[in-house]
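Q: whatever this is, show me its structure:
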Amino acid sequence: MIKKLNYKKIGVFVGCTLVAVIAITMFVSSLVKTSNLKKTTEYKLEKIGYTENEINVIKDKLNEGQINDILNSEYNIDLTKFLNEKYFIYANLTRYLNYYSEHKDLNVSNVVAIVNVGADSQWYNNVKNTDVSKGELMLVNKFNGLNEGYEPEDLREISATYAYSGNYISESIYDDLTEMLDAAKDAGYTLVVSQGYRSYKDQLDAYKDIENYSSMREADARAARAGHSEYQTGLSMLIEPYNKIIEDVSNNAEHIWLLANAHRYGFILRYPAGTENITGFASEEWRFRYVGREAASTIKSENITFDEYYAYYINK
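A: Below is the predicted model:
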């Protein structure tokens, strides 16, 4: 006798089997998704403690290798503050964070500028030889110095029309200098170079005079040590009103003209007020430096010092 198939039982069995297969498939799929999720950068950063917004910044600003460095470090609440800075340099990240943790009175932009130029170290520490191959963009400051034998090969005495007697500069900038001073004259201002090239020995003597009269601390505040003065490059100079004593520089017409126009001829105000912690030198209202028209225009428009420009645009 042939038994009749129990379709109802078969249907229940098949249904249960399908449910089981679907459940297992979903479970396996969930495991795979979870496993894949744990491999993602977002998941790993979140596990360290970074928020969704911070993760987006990290992914936008850093490359894969740099992100891996972050994944191997502890969460830092200040990290993305620095990543969002215009002049951020990844190689300086640890120094930014360390300096900021010790100087919470400073804003993040100040810290980036200070660290980029090396001023998170003591002045005249970690001194390097100035890269003179950079020509008009060479940097001489308290961390970059010229040797005793350095002298520009193209020194030229400045005509008495444009300078007090006995002043020299690099011939490579002579035409731009005279063009600027002629333009000032056309605008009604007579400007002259009162200090041009100064040799290593001359700078040594100037520094020693101050040191002998007072102290090394006072000398460092008022002058560069020998080898660390940009006068030695033949690219730096004092440009002042001819035969005129200026008491209020900020409202002086000649000074205002220079600030507005010097960059058009490749010159910058080298030591602006308020940048002493970046340049290492007190402000000098008449101290100008030739860097070329492109660099001068960038420095002017971005309102930064040459030290900052060099760190970010040249030596980065």
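
Q: can you map out the helices along the stretch 1-150 of the chain?
A: 7-39, 41-48, 52-61, 64-71, 79-83, 93-102, 108-116 (DSSP state H, counting those that start in this stretch).

Q: check which helices and strands the third one sits against.
A: Other helices and strands packing on helix 52-61, by 3 or more CB pairs under 8 Å, 6 or more residues apart in numbering; DSSP states H and E, are helix 41-48, helix 64-71, helix 79-83. Glycine gets a C-beta too; all of them are placed from N, C-alpha and C.

Q: could I get those as TSV with mean neighbour count, distance to Y312 and mean pLDDT?
A: Output for the helices and strands packed on helix 52-61, formatted as TSV (neighbours: other CB atoms under 10 Å; distance: least, CB to CB, whole Å; pLDDT from 0 to 100):
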stretch	mean neighbour count	distance to Y312	mean pLDDT
helix 41-48	15	27	92
helix 64-71	13	17	95
helix 79-83	20	14	97
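
Q: can you add distance to D176 and give those helices back as CSV?
A: Shown next, in CSV, are the helices and strands packed on helix 52-61 (distance: least, CB to CB, whole Å):
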stretch, distance to D176
helix 41-48, 50
helix 64-71, 40
helix 79-83, 37
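
Q: of those, which is nearest R270?
A: With CB to CB, the closest approach to R270 among the helices and strands packed on helix 52-61 belongs to helix 79-83: 27.3 Å.

Q: so for whichever strand or helix holds L181, what's the average pLDDT?
A: Using DSSP states H and E, the element containing L181 is helix 174-186. For helix 174-186, mean pLDDT rounds to 98.

Q: buried stuff in it?
A: Y174, D176, L177, T178, M180, L181, A184 (16 or more other CB atoms under 10 Å).

Q: tell me which two in those residues are the farthest apart.
A: Y174 and A184 (15.8 Å).

Q: correct me, but L93 touches F82?
A: Yes. If you go by CB atoms under 8 Å, L93 and F82 touch, sitting 6.6 Å apart.

Q: quick revisit: could the buried residues of helix 174-186 be laid out in TSV, adding distance to Y213?
A: Formatted as TSV, those follow (distance: CB to CB, whole Å):
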residue	distance to Y213
Y174	35
D176	37
L177	33
T178	36
M180	35
L181	34
A184	35
